[in-house]
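# Just a sequence and a predicted model for now, questions to come.
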Amino acid sequence: MKTTFSYKDIWSIAFPIILGSIAQNIVNITDTAFLGHYGQVELAASAIAGVFYFAFFMIGYGFAVGTQIIVARREGEQRQAEIGRYIDNAIYFLLIFALVLFLILKFAAPFFLKSSISSPAIYAKTIEFLNYRAYGLFFAFMNISFGAFYIGTANTKVITWSNIIMAGVNIFLAYIMIFGNFGFTRLGIKGAAIANTLSEAVATLFFIIYTIKKGVPLKKYSLFKFTPPSKEHLQRLFKISSPIMLQFLVSFSAWVTFFMMVEKMGEQALAVSNIVRSIYIVLMIPIWGFGASASTLVSNLLGQKKPGEVMPVIFKTVRMCLLFVTLPVILTFIMPEFIISIYTNNPVLSALSLNPLYIVNIVLLPISFAFILFLGVSGTGKTLVSFVIETSVIILYLTYVFFMIQVLHTRIEFVWASEWVYAVSLALFSFLYLKCGKWKTSEV
């Protein structure tokens, strides 16, 4: 069947997001690698602190994804003048939400973490990181508001540049602040948090300057009018976004729970898991890029009243994603020791990281299929369905992790095999829903 969107169209959206994600993940690599060479406690603490912060961030990101779906739908309907109102109202909400989450991170999180982390040293370093990292929420939420607009309108090149700038600033600041280079005070994990926050602030400044200087989005899409908040627009944003926010809350709370359970296995297992997590996230970069492309194009097609083209576009995206994921999978099998050495020079940690890395490396192929199908479900606007799917999958995932750690007391590589449980169940549930076709008449 001939479709509106070709492989070239899919690539034109996915490629800048992939490049931007590479740059953005350099921030994660930099922190993990620098702290891995700084100390085992700092490396272990950054695993919990980073995932904990990311769980908070992803709740707001869920709102931005819902905004992106609406923007893509209005673009497909040729109702561009309405898009600016949605973006402005999204910014209103996300900045207020950032303040709420900031207060929770600063004042409530320490009580929760103290009862959950058994190592006093890891707890102290985790709180030290979060105390400074919490300020980044304001800038991060502004950045994802801009991202919702540019991805939703299929103009993703600016995402690449913002992430490249952010990564460059973070590398420089982390290098001088963590280790105390160029006359700076040696700050360790605190320096990593400050570098992350300042680099996000620079990215926000770039987005603002680019959008104003470009001019066209301001006129065509009625951006930055900043009229009073609209009940109608906020209600529609919440209708689409709230299930995604809950979905991300569940999903990344599962990550926090995973690392909390791994922490009971000891500092060594936690440090290994942080290394594996960092590599895994990097390997998933193409998957996120193609997934975002699939979500945008699905919403756009439904805006054009072309539901029959949705599944062909999704499977085109899956084929392209599998092609691009295969190369990093092969390279990781060829040089695993070299990749791990980027994060640590500890021979024990390096040896223990090998088997978990092999496991997550192989799972990239089924998880490519799973993520694109799942984000296709989100792109239809049936976000409550995607929430139910994600919650069901997470229950299976955490049940497996609990059984491996608490019942069998197994090795860390078998715990990381939980990613197979996640990938297979997510792919199955998403495919079955898309196959039933109940999403074809959805309104956004």
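The structure has been received and is ready for your questions.

# Any regions of the stretch 1-150 of the chain where pLDDT drops low?
1-4, 24 (pLDDT under 70).

# How about the stretch 151-300 of the chain?
Residue ranges of the stretch 151-300 of the chain with pLDDT under 70: 215-216.

# For it, which segments are assigned as helices?
Ranges of helices within the stretch 151-300 of the chain are 157-179, 189-214, 216-220, 231-263, 267-283, 285-303, based on DSSP state H, counting those that start in this stretch.

# Need the winner for burial among those helices.
The highest mean neighbour count among these, using mean count of other CB atoms under 10 Å, belongs to helix 285-303: a mean of 26. To be clear about C-beta, it is placed using only N, CA and C from the backbone, and glycine gets the same treatment.

# Run the angle between that helix and helix 267-283 for me.
Helix 285-303 and helix 267-283 are oriented at 50 degrees to each other (axes from the mean of the first three to the mean of the last three CA atoms, to 10 degrees).

# returning to what we had before: in TSV, list the helices of the stretch 151-300 of the chain along with distance to residue 360.
Converted to TSV, the helices of the stretch 151-300 of the chain look like this (distance: least, CB to CB, whole Å):
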stretch	distance to residue 360
helix 157-179	23
helix 189-214	23
helix 216-220	39
helix 231-263	13
helix 267-283	5
helix 285-303	12
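
# Ok, which of these comes nearest residue 331?
Of all those, helix 267-283 sits nearest to residue 331, with 9.5 Å by CB to CB.

# of all the helices of the stretch 151-300 of the chain, which lies closest to residue 357?
Closest among the helices of the stretch 151-300 of the chain, once you apply CB to CB, is helix 267-283, at 5.7 Å.

# ok, residues contacting that closest one?
Residues outside helix 267-283 that contact it (CB atoms under 8 Å, 6 or more residues apart in numbering): 22, 25, 28-29, 32, 36, 40-41, 43-44, 46-48, 50-51, 119, 122, 259, 262-263, 325, 328-329, 332, 339-340, 343-344, 348-349, 352-353, 356-357, 360-361, 364, 412, 416, 419.

# can you check stretch 212-219 too?
Contact with stretch 212-219 is made by 84, 149, 153, 211, 223-224, as judged by CB under 8 Å, 6+ apart.

# now do stretch 237-244
Under the contact criterion CB under 8 Å, 6+ apart, stretch 237-244 has outside partners 62-67, 69-70, 86, 89-90, 93, 378, 381, 383-384, 386-387, 444.

# Next: stretch 170-189.
Outside stretch 170-189, the residues within contact range by CB under 8 Å, 6+ apart are 26-27, 30-31, 34-35, 38-39, 42, 45-46, 49, 125, 128-129, 190-192, 194-196, 198-199.

# What about the contacts of stretch 237-244, which are in helices?
Applying DSSP state H to the contacts of stretch 237-244, the entries found in helices are 62-67, 69-70, 86, 89-90, 93, 378, 383-384, 386-387.

# Pull out the buried residues from the residues you listed.
Among these, those classed as buried by 16 or more other CB atoms under 10 Å are 62-67, 69-70, 86, 89-90, 93, 378, 383, 386-387.

# State the helix or strand in which the nearest residue to residue 292 once chain neighbours are set aside lies.
Closest residue to residue 292 apart from its sequence neighbours, by CB to CB, 6 or more residues apart in numbering: residue 17 at 5.2 Å. According to DSSP states H and E, residue 17 maps onto helix 7-38.
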